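Undergrad: Fold the following, please.
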Amino acid sequence: MMLANKNALDLEVSGSVDKFSEVLWLEDGLSQNTITSYERDLLEFHRWLKQNYNEENFLLVNEEIISTYFVETFSKVSTATSSRRLSSFRRFFTWLIREGVRPDDPCKKLKSLHFAKKLPNVLREKQIESLLSVPDTTKILGLRNRAILELMYATGLRVTELIKMSCISCSFMDGVVRILGKGNKERLVPFGEFAAYWIEQYLVKSRPLLLKNKASDVLFLTERGSSLTRQGVWKLFRVCVREAGLPIDFSPHSMRHAFATHLLNNGADLRAVQLLLGHSDISTTQIYTHVAGDRLKSIHAKHHPRA
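TA: Got it, this is the predicted structure:
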């Protein structure tokens, strides 16, 4: 394979991935979490390439290698991960073409490949109630955890959005929370009286004790008074799931799934749910119509006299 300007770019894996990451940040404005995921996808592919083909050069990757990689790894990861990996590869090889490093995109024929959408595993309303009742609200962290769970279910927040919230993100007068989502897009989401009550309780009784005279405008704090991390949210959620006796495969994102599905089950408009979730494309939201639709069919079959 003859390649133009092969030496114009440092094609050592770490170097090329680093330069690609800079482009994602400077030109495309992607979030750091997305960039980190793309970097991880490329480095994992590189390890697989070396192990299976004894090859380290991205320039020698062809359509057959790409196809083999997805066939071998598809069953080992979630549909969302496979789809993101494909997006990572497309962006990366498009960038290499633009830089004149390689003349073609080995992912081109994969554009017609449709990964089956995996329906999210949704918490039922009774399961949500069980989960919300787990935290011991007589304790400092228990009160914080109850506020977090209530807010996540009330708004469909992503974990990354939750941990970035400040104390002024919640407008109790208007009953809405101001969320800074993907791509720094801002949206307003109502949070309801239950979440409002527990957030106020946390702000009055728990947060000052966690803050310990430190200065911080972050809403949810750790026991040490620092900002809560994504790992911290995952940990507290897993503990609550276990204590509620729920399946261990539920994650913090399950609250977002429940938020959307329960809204649709109760008659919410799909477009409204899209706006509340902060989806740029309504097709992303439509997966919840399948989940809600199955639920509605079950209700219809059980209760309608002519079902």
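
Undergrad: Show me where the stretch 51-200 of the chain has its strands.
TA: Counting by DSSP state E, counting those that start in this stretch, one finds strands in the stretch 51-200 of the chain at the ranges 170-171, 176-180, 186-190.

Undergrad: can you tell which of the ones you listed is closest to Ile163?
TA: Go through the strands of the stretch 51-200 of the chain one by one with CB to CB and the one that ends up closest to Ile163 is strand 176-180, at 11.1 Å. All C-beta spots, glycine's among them, are computed from the backbone N, C-alpha and C.

Undergrad: Next, the buried residues of the closest one.
TA: Burial within strand 176-180, assessed by neighbour count using 16 or more other CB atoms under 10 Å, is assigned to 176-177, 179-180.

Undergrad: Phe45: which of the residues you listed is nearest?
TA: Using CB to CB, Leu180 is the member of the buried residues of strand 176-180 that sits closest to Phe45, with 31.1 Å.

Undergrad: Quick check: the closest residue to that closest one other than its chain neighbours vs Ile287, distance?
TA: With CB to CB, 6 or more residues apart in numbering as the criterion, Leu180 has its nearest non-adjacent residue at 5.6 Å, and that residue is Glu186. If you measure Glu186 against Ile287 using CB to CB, to the nearest Å, the figure is 24 Å.

Undergrad: Same drill for those two, tell me which one is more crowded.
TA: Ile287 (16 against 9; other CB atoms under 10 Å).

Undergrad: Model confidence for Met173, exactly?
TA: Note for Met173: predicted pLDDT of 91.

Undergrad: What residues does it make contact with?
TA: Neighbouring residues of Met173 by CB atoms under 8 Å, 6 or more residues apart in numbering: there are none.

Undergrad: just checking, Ala147 touches Ile199?
TA: Yes: between Ala147 and Ile199 there is a contact under CB atoms under 8 Å: 4.9 Å.

Undergrad: which stretches of the chain have low pLDDT?
TA: Within the chain, the set of residues satisfying pLDDT under 70 comprises 1-15, 27-28, 53-56, 74-75, 111-120, 290-291, 293-300, 304, 306-307.

Undergrad: residue closest to the middle of it?
TA: Closest to where the C-alpha atoms of the chain average out (CA atoms, centre = their mean) is Arg158, at 6.1 Å.

Undergrad: Not counting its neighbours along the chain, what's nearest it?
TA: By the measure of CB to CB, 6+ apart, the closest residue to Arg158 outside its immediate chain neighbours is Arg256, 6.5 Å from it.

Undergrad: which outside residues touch the helix or strand where that neighbour lies?
TA: Assignment of secondary structure by DSSP states H and E places Arg256 within helix 253-265. In this structure, residues lying in contact with helix 253-265 by CB under 8 Å, 6+ apart are 120-123, 125, 128, 149, 152-159, 270, 272-273, 276-277, 285, 288-289, 291-292, 295-296.

Undergrad: which SSE is Val273 in?
TA: Using DSSP H and E, Val273 sits within helix 270-277.

Undergrad: If you could redo that for Ile35, that was the one I meant.
TA: Following DSSP H and E, one finds Ile35 within helix 32-53.

Undergrad: what comes into contact with that helix?
TA: The contact list for helix 32-53 (CB under 8 Å, 6+ apart) reads 13, 17, 20-21, 24-25, 30, 55-56, 58, 61, 65, 68-69, 73, 84-85, 87-89, 91-92, 160, 182.

Undergrad: got the CA positions of it in PDB?
TA: Listed in PDB are the C-alpha atoms of helix 32-53, where the atom choice follows Å, rounded to 0.1, in the frame of the first residue of the first chain:
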ATOM      1  CA  GLN A  32     -13.400  15.100  27.900                       C
ATOM      2  CA  ASN A  33     -15.400  12.000  28.700                       C
ATOM      3  CA  THR A  34     -16.100  11.300  25.100                       C
ATOM      4  CA  ILE A  35     -12.500  12.000  24.100                       C
ATOM      5  CA  THR A  36     -11.300   9.600  26.800                       C
ATOM      6  CA  SER A  37     -13.600   6.900  25.500                       C
ATOM      7  CA  TYR A  38     -12.400   7.300  22.000                       C
ATOM      8  CA  GLU A  39      -8.800   7.100  23.100                       C
ATOM      9  CA  ARG A  40      -9.500   3.900  25.100                       C
ATOM     10  CA  ASP A  41     -11.300   2.400  22.000                       C
ATOM     11  CA  LEU A  42      -8.300   3.000  19.800                       C
ATOM     12  CA  LEU A  43      -5.800   1.800  22.300                       C
ATOM     13  CA  GLU A  44      -7.800  -1.400  23.000                       C
ATOM     14  CA  PHE A  45      -8.000  -2.000  19.200                       C
ATOM     15  CA  HIS A  46      -4.300  -1.500  19.000                       C
ATOM     16  CA  ARG A  47      -3.700  -4.200  21.600                       C
ATOM     17  CA  TRP A  48      -6.100  -6.600  19.800                       C
ATOM     18  CA  LEU A  49      -4.300  -5.800  16.500                       C
ATOM     19  CA  LYS A  50      -0.900  -6.700  18.000                       C
ATOM     20  CA  GLN A  51      -2.200  -9.800  19.700                       C
ATOM     21  CA  ASN A  52      -4.100 -11.200  16.700                       C
ATOM     22  CA  TYR A  53      -2.100  -9.900  13.700                       C
END
